[in-house]
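from the sequence below, what's the structure:
(one chain, ligands or ions: 1)
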Amino acid sequence: MCMLLSSMMSGTEPHTDREEDYRFLHSMLMEKKLHLLFKIHEQLKRFEKRSPVPVQEHAANLASSLAEELIYQGWREEVKELLALISKPHFQSLLHVHDAVAQRDFEPVLPPIPDDALEDEEDSVKIVSLVKTKEPLGATVKRDTSTGAIVVARIMRGGAADKSGLIHEGDELKEVNGVPLEHRKPKEILPLLARSKDEVRFKIIPAYSREEMSTTKQKLFVRALFDYDPNQDPSIPCKDAALTFKRGDVLQIVSMEDDTWWQACHLEDSNGGAGLIPSKELPCVSLPAGLRRSFRLGRKSSWAKEAARFRRWSAGVHSSICPPTYIEVIPYHREPKDRHRVVILVGPSGVGVNELKRRLLISDPDRYGVTVPHTTREKKRQESEGVDYHFVSVHMFEELILSHRLIEYGSYRGHYYGTSLDSVHRVMAEGKVCLLDVHPSKIKRVYTSEFKPYVVFVKPPRIEELRLTRRRAKFNLCCLMDTGDAIFLSQEADFEDMIDLAENMERQYGHLFDKVIVNGDIASAFRELRSDLEKIQEARVQWVPTEWSFSSPTKARRSCSHLPSWI
Ligand SMILES: Nc1ncnc2c1ncn2[C@@H]1O[C@H](COP(=O)(O)OP(=O)(O)OP(=O)(O)O)[C@@H](O)[C@H]1O
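Numbers count the residues shown, from 1 in each chain. Below you'll find the predicted structure:
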């Protein structure tokens with residue numbers, strides 16, 4: 001802003017007719033105080049996001065006691081300076097303002113509670129008076145089905161009711177602003193609240209003291225494994241109190257008191273109000289559409305293929321347990337000396353995993369590296385050991401299998417091929433990001449704190465875009481081979497299989513994916529992938545499964561097949 005003001009001044013000179021005007025503008029815009037104000041404004045903007053809270057309410061008193069103490073502490077230069085600083089009227093005024101904010105001294109004073117508000121027969125009654133602000137109360141009410149009373153169903157964390165600390169879940173509401181709530185419906189309460197002007201007064205019968213869940217005290221973070229839009233969820237008890245989130249968002253869970261609806265807030269908003277989210281206990285049927293498998297009918301394909309697809313689908317849906325909904329995560333602050341996280345690229349065959357990997361390697365060979373695979377086949381003349389492959393004997397390869405040193409292996413034309421854990425270590429030791437492409441079922445082999453894998457799922461686009469983007473590549477081939485339609489038809493079947501395979505992978509292993517890249521246009525997919533990988537390298541904090549913090553690398557490898565932290 002200060003730079004902008006200075007450059008504005010130099011740009012205005014030729015357009016100001018009168019010297020006087022120019023001087024006036026100059027003195028106004030170049031005023032030191034104005035610049036300082038902008039600087040303060042910018043600093044405040046930065047701190048606003050952190051939502052700092054006062055650590056104490058009597059800073060002004062503390063400063064004056066400190067000043068008294070300092071007078072007797074000798075006359076070292078530092079002491080003199082500090083004394084001069086805290087004795088300045090500006091500084092003292094600042095501390096007074098701070099204390100007023102900390103003590104919420106700015107809020108209007110509530111009128112005293114009238115004597116007749118308490119009735120003799122209700123000795124357990126509590127009168128709660130709250131200042132009315134624009135902020136909603138942050139509570140929901142319901143009718144208790146057994147007693148017919150209106151009770152507080154839920155207090156939203158961070159809302160006005162919660163901050164007051166005076167109203168609790170389960171409290172029975174007897175009156176709002178002197179109006180008895182007997183025989184009233186929950187929806188009639190809102191107009192009563194709206195009617196009051198400066199103050200809202202409740203007559204409450206407090207619920208029995210309940211134990212606070214210990215989990216609300218400690219910070220619990222989860223990464224959502226599905227998109228959630230309360231507007232699409234008929235089971236949510238109160239849409240306005242719900243939290244919308246996207247798959248991959250990190251949420252802080254602030255209350256798990258309710259079995260079916262937890263309270264959570266977005267990470268960047270952990271001091272703000274919380275919203276309801278479905279708990280892991282919510283039955284599968286009420287999970288949002290994103291988690292349910294849609295059976296795509298109406299595609300042109302043979303009966304047998306459709307039947308097979310249906311069998312796969314019904315087995316997948318009916319025999320499966322609910323998919324994981326959230327994964328517990330912790331922050332990981334990468335130190336400069338730490339090795340880079342392994343990047344795993346997965347996707348159905350032909351989707352473009354190799355193409356993307358190739359482009360990453362070419363774009364920055366110093367940053368990215370790939371593993372050298374092992375094989376038992378003969379070395380060809382133009383190949384070099386340790387560059388194209390590690391050429392090993394069958395006996396040695398089988399030793400690697402038995403000692404669990406291979407992430408993935410298979411045989412082709414009678415020869416073994418495989419990727420070892422050591423080859424990943426080698427790339428990491430060079431200070432590079434190791435790009436691995438393995439079948440998603442093998443991710444768990446490296447799902448440890450040692451490798452901290454960042455898993456990218458490369459997904460095919462919709463079939464129309466697949467046809468459009470891939471046909472061009474194959475079309476050249478058709479012309480060359482002069483095979484025409486025959487190739488086009490088989491390609492169409494490949495596209496359908498690719499989409500099917502991708503859906504299966506996402507359903508089965510989606511909870512392991514950190515990022516999903518749709519590979520429609522290759523240039524855009526590559527740009528997105530590269531910028532995402534750069535972002536995670538530079539991120540101050542990354543969120544990784546809590547599970548990684550508990551296990552040693554070897555233990556994690558053994559235990560990761562159970563993935564106990566999936567919730
Ligand atoms: N977005 C795209 N647009 C057009 N062609 C693409 C795109 N992505 C990949 N291709 C081409 O599709 C073919 C298959 O891609 P690639 O070899 O990367 O697939 P893959 O996922 O590694 O499959 P596989 O594991 O079977 O090798 C290649 O010729 C590649 O250049």
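
only C-alpha atoms from now on, for both contacts and neighbour counts.
Noted.

which ones are touching the residue lying closest to residue 419 once chain neighbours are set aside?
In space, and not counting its chain neighbours, residue 419 is closest to residue 373: 4.8 Å by Cα to Cα, 6 or more residues apart in numbering. Residue 373 sits next to 388-390, 417-420, 423 when contact means Cα atoms under 8 Å, 6 or more residues apart in numbering.

most widely separated two among those residues?
Using Cα to Cα, the contacts of residue 373 reach their maximum pairwise distance at 388 and 420, which is 14.1 Å.

who has more neighbours out of those two?
Ranked by neighbour count (other Cα atoms under 10 Å), residue 388 and residue 420 place residue 420 first, with 20 against 16.

and that one, its phi and psi?
Torsion angles at residue 420 (phi, psi; degrees, to the nearest 10) stand at phi -100, psi 160.

gap between it and residue 442?
Distance from residue 420 to residue 442, counting by Cα to Cα, to the nearest Å: 12 Å.

need the overlap of contacts for the two.
Overlap between the contact sets of residue 420 and residue 442, as judged by Cα under 8 Å, 6+ apart, is given by 407-408.

need the phi and psi values for residue 261.
Taking degrees, to the nearest 10 as the convention, residue 261 sits at phi -130, psi 110.

list the contacts for it?
Counted by Cα under 8 Å, 6+ apart, residue 261 has contacts 276-279, 282.

mind running it again at 10 Å?
236-237, 242, 255, 275-282 (Cα atoms under 10 Å, 6 or more residues apart in numbering).

how close does it sit to residue 239?
In terms of Cα to Cα, residue 261 sits 12 Å off from residue 239.

list residues touching both of the two?
Counting by Cα under 10 Å, 6+ apart, the residues touching both residue 261 and residue 239 are 275-276.

so which bits of the protein are right by the ligand?
Proximity of the chain to the ligand (Cα under 6 Å from any ligand atom) is limited to residues 349-355, 469-470, 473, 519-522.

those, buried ones only, as a ChimeraX selection?
Selection of buried members from the residues of the chain next to the ligand for ChimeraX, criterion 16 or more other Cα atoms under 10 Å:
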select :351,352,353,469,470,519,520,522
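
now, among the residues of the chain next to the ligand, which is nearest to residue 492?
Minimum distance to residue 492 across these is 10.3 Å, recorded for residue 470 (Cα to Cα).

got phi/psi on the closest one?
The phi/psi pair for residue 470 (degrees, to the nearest 10) is phi -90, psi -30.

over to residue 251?
For residue 251, the backbone dihedrals are phi -120, psi 150 (criterion: degrees, to the nearest 10).

residue contacts, it?
Taking Cα under 10 Å, 6+ apart as the criterion, residue 251 is in contact with 220-224, 243, 245, 263-270, 277, 326, 328-329.

could you do residue 398 as well?
If you count contacts by Cα under 10 Å, 6+ apart, residue 398 has them with 392, 404, 406, 416.

circling back to that earlier point, report the lowest-confidence entry in the residues of the chain next to the ligand.
Lowest pLDDT among these: residue 473, with 57.

how about residue 455, secondary structure?
Under DSSP: H, G, I helix; E, B strand; the rest coil, residue 455 falls in the strand class.

can you tell me how far it is from residue 343?
6 Å.

and what of residue 537?
Taken as Cα to Cα, the span from residue 537 to residue 343 is 11 Å.

quick one, which of the two is more surrounded?
Neighbour count, other Cα under 10 Å: between residue 537 and residue 343, residue 343 has more, with 19 against 15.

ok, that one to the ligand distance?
Per Cα to the nearest ligand atom, to the nearest Å, residue 343 is found 15 Å from the ligand.

next up, the contacts around that residue.
368, 433-437, 451-456, 533.

in CSV: these, plus pLDDT.
Formatted as CSV, the contacts of residue 343 follow (pLDDT from 0 to 100):
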residue, pLDDT
368, 95
433, 95
434, 96
435, 96
436, 95
437, 92
451, 94
452, 93
453, 95
454, 95
455, 96
456, 97
533, 95
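
most neighbours of all those, which one?
Most surrounded of the contacts of residue 343: other Cα under 10 Å gives residue 434, at 26 neighbours.

just the residues of the chain next to the ligand: which are in helices?
Among the residues of the chain next to the ligand, the members found in helices (DSSP state H) are 353-355, 469-470, 473, 522.

and the residue of the stretch 201-350 of the chain that's closest to the ligand?
Nearest residue of the stretch 201-350 of the chain to the ligand (Cα to the nearest ligand atom) works out as residue 350 at 3.3 Å.

tell me who's in contact with residue 353.
Counted by Cα under 10 Å, 6+ apart, residue 353 has contacts 344-347, 436-438, 456-459, 519.

host element of residue 329?
strand 326-332 (DSSP states H and E).

could I get the buried residue list for that strand?
Neighbour counts over strand 326-332 (16+ other Cα under 10 Å) mark 326-330, 332 as buried.

now swap in stretch 516-533 and tell me
Neighbour-count burial for stretch 516-533, counted by 16+ other Cα under 10 Å, picks out 516-520, 522, 525-526, 529-530, 533.

out of those, which is nearest to residue 429?
Closest to residue 429, out of all of those and judged by Cα to Cα, is residue 533, at 18.8 Å.

which strands and helices sit next to the longest helix along the chain?
What stands out as the longest helix in the chain, according to DSSP H, is helix 485-509. Here helix 485-509 touches helix 303-319, strand 454-459, helix 463-481, going by 3 or more Cα pairs under 10 Å, 6 or more residues apart in numbering; DSSP states H and E.

give the rounded mean pLDDT of that helix.
78.

how far away is the closest residue to the ligand within the stretch 401-550 of the chain from residue 352?
Residue of the stretch 401-550 of the chain nearest the ligand, by Cα to the nearest ligand atom: residue 522 (3.5 Å). To residue 352, residue 522 is 8 Å away according to Cα to Cα.
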